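>>> Need a 3D model of the sequence below.
(one chain, ligands or ions: 1)
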Amino acid sequence: MHGASPQTDVRLGSILRVLIDHATVVVSGTKIASEIGTSRSEVWRLIQQLRSLGVDIGGHPATGYSLKSMPDLLLPELLSPLLQGTIFSKHIHHFYRTNSTNTVAMAAAGSGAPEGSVFLAEEQTAGRGRGDHQWHSARSVGIYCSVVLRPKLPPSDVLIITLAAGLAVHAVVQELDPQFAPDLKWPNDVLLNGKKLCGILTEMNSEATQVHHIVIGIGLNVNQTSFPADLRDTAISLRLASGTDYSRLQLCGALLKFLDGEYRNLVQEADARDSILRRFTERSSSAQGTRVHIEEDPGFQGVTEGLDSRGFLQVRTEQGIRTVLSGTVVLE
Ligand code: BTN
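Numbering: from 1, shown residues only. As a prediction, the model looks like this:
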């Protein structure tokens, strides 16, 4: 199935919220029904739906229900409390399955979705990467997240926001475990142990001098225990790197908090741009002094020389310095 599916029934999240808030007791169907404003039979149906999604709920209509373990689903009701005080807390949309959260977010932004809207999917059927690439999006093991921003910036400044998103991912991975040594690869890859851990796809709608909206789509490999054969040599997850499972919910909350901090800084502080360029260069082993091949038409080779003031990669070639505006950077 390749279309956009309906959003997750918000009542599923509401039921989970009630069960989490009463985690140590059995909650009657009547109480749940009155708290979320529906009937007991509907509660039963929704509980069955949650169970089919892998949520471990004990009990039945006669005894009431209890949550046996905390589910790791990116439901708005669970994520929103982690995002209080950020621009991302109020308009969170969740899909069990959709084609691409970027596609959904771009369409929603075009219809007026406010800045800070977040679109999350447990699974994408047509996850998109840069160029014509696909993004492998298996169910509930990665974070597939797109956010809508409406910065008052010209389109030429949007690259800086993408770089800032990379910094946010870098920060969250490092905070998770100081043993991790994430590495940024221009413009928007986060590598771990030389393999791709995260990709960022920024799309925008703008006129010549002013951005209308941008969508930043982040795909972070978290609990994958394997990848399809064609990705095995190049992709990695946090789980594959460490042998540990992580809470996608906590990670997603922390990631959006870091992104909120970077974005606020960028739109409020005069020196934020310099700080982003400096920190990106510091956290990238390949932004300076690395021999690279730029896959463009035609491609070229050279040695990286850092970023220019708008965030574009500079490469020293035999013909002099060239600025990479797009194209994939292949490390040699
Ligand atoms: C890349 O490295 O090529 C970018 C990958 C971006 C993947 C994310 S997953 C969430 C969002 N939805 C998409 O379809 N793509 C981005």
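>>> What segments of the protein are helices?
10-21, 29-36, 40-52, 76-79, 101-110, 158-176, 238-242, 248-268, 272-282 (DSSP state H).
>>> name the helices or strands packed onto the last one?
Which is helix 272-282. Packing partners of helix 272-282 (3 or more Cβ pairs under 8 Å, 6 or more residues apart in numbering; DSSP states H and E): helix 158-176, helix 248-268, strand 300-307. To be clear about C-beta, it is placed using only N, CA and C from the backbone, and glycine gets the same treatment.
>>> returning to what we had before: want to throw the helices of the chain into CSV with mean pLDDT?
Below are the helices of the chain laid out as CSV (pLDDT from 0 to 100):
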stretch, mean pLDDT
helix 10-21, 93
helix 29-36, 96
helix 40-52, 94
helix 76-79, 93
helix 101-110, 98
helix 158-176, 97
helix 238-242, 98
helix 248-268, 97
helix 272-282, 97
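>>> TSV for these, including mean neighbour count and distance to the ligand?
Listed next are the helices of the chain as TSV, based on neighbours: other Cβ atoms under 10 Å; distance: least, Cβ to the nearest ligand atom, whole Å:
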stretch	mean neighbour count	distance to the ligand
helix 10-21	19	20
helix 29-36	18	29
helix 40-52	16	24
helix 76-79	22	15
helix 101-110	22	4
helix 158-176	22	10
helix 238-242	19	15
helix 248-268	20	12
helix 272-282	17	16
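>>> Nearest to Val324, out of these?
helix 158-176 (10.8 Å; Cβ to Cβ).
>>> Does anything pack onto that closest one? Which helices or strands?
strand 183-185, strand 189-192, strand 195-206, strand 211-221, helix 248-268, helix 272-282.
>>> Mind doing that once more with 7 Å?
Using 3 or more Cβ pairs under 7 Å, 6 or more residues apart in numbering; DSSP states H and E, the elements in contact with helix 158-176 are strand 189-192, strand 195-206, strand 211-221, helix 248-268, helix 272-282.
>>> list the contacts for the residue of the chain found nearest the ligand?
Nearest residue of the chain to the ligand (Cβ to the nearest ligand atom) works out as Gly199 at 2.2 Å. For Gly199, the contact set (Cβ atoms under 7 Å, 6 or more residues apart in numbering) comprises Gly129, Trp135, Asn188, Asp189, Gly219.
>>> If we use 8 Å, what do you get?
Gly199 makes contacts with Gly129, Arg130, Trp135, Asn188, Asp189, Val190, Ile218, Gly219, as judged by Cβ atoms under 8 Å, 6 or more residues apart in numbering.
>>> my guess is the fifth one contacts Cys198, does it?
Yes - counting by Cβ atoms under 8 Å, a contact exists between Asp189 and Cys198, whose distance comes to 7.1 Å.
>>> Around the ligand, pick out the residues from the stretch 51-200 of the chain.
100-102, 124, 127-130, 133, 135, 144-146, 189, 199-200 (Cβ under 6 Å from any ligand atom).
>>> Only the buried members of these: can you turn that into a PyMOL selection?
Of these, the buried ones go into a single PyMOL selection, burial set by 16 or more other Cβ atoms under 10 Å:
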select buried, resi 100+101+102+124+127+128+129+130+135+144+145+146+189+199+200
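>>> Tell me the one among the residues of the stretch 51-200 of the chain next to the ligand nearest to Glu305.
Asp189 (19.1 Å).
>>> who does the closest one bridge with?
Beta-bridge partners for Asp189, by DSSP bridges, are Lys185, Gly199.
>>> tell me the contacts of it?
Counted by Cβ under 8 Å, 6+ apart, Asp189 has contacts Gly166, Lys196, Cys198, Gly199, Ile200.
>>> Find me the pLDDT at the fourth one, would you?
Put plainly, it is Gly199. With respect to pLDDT, Gly199 scores 97.
>>> contacting residues around the closest residue to His213 other than its chain neighbours?
Once flanking residues are discounted, His213 sits nearest to Ala109: 4.1 Å by Cβ to Cβ, 6 or more residues apart in numbering. Ala109 is in contact with Ser117, Val148, Arg150, Asn205, His212, His213, Val215, counting by Cβ under 8 Å, 6+ apart.
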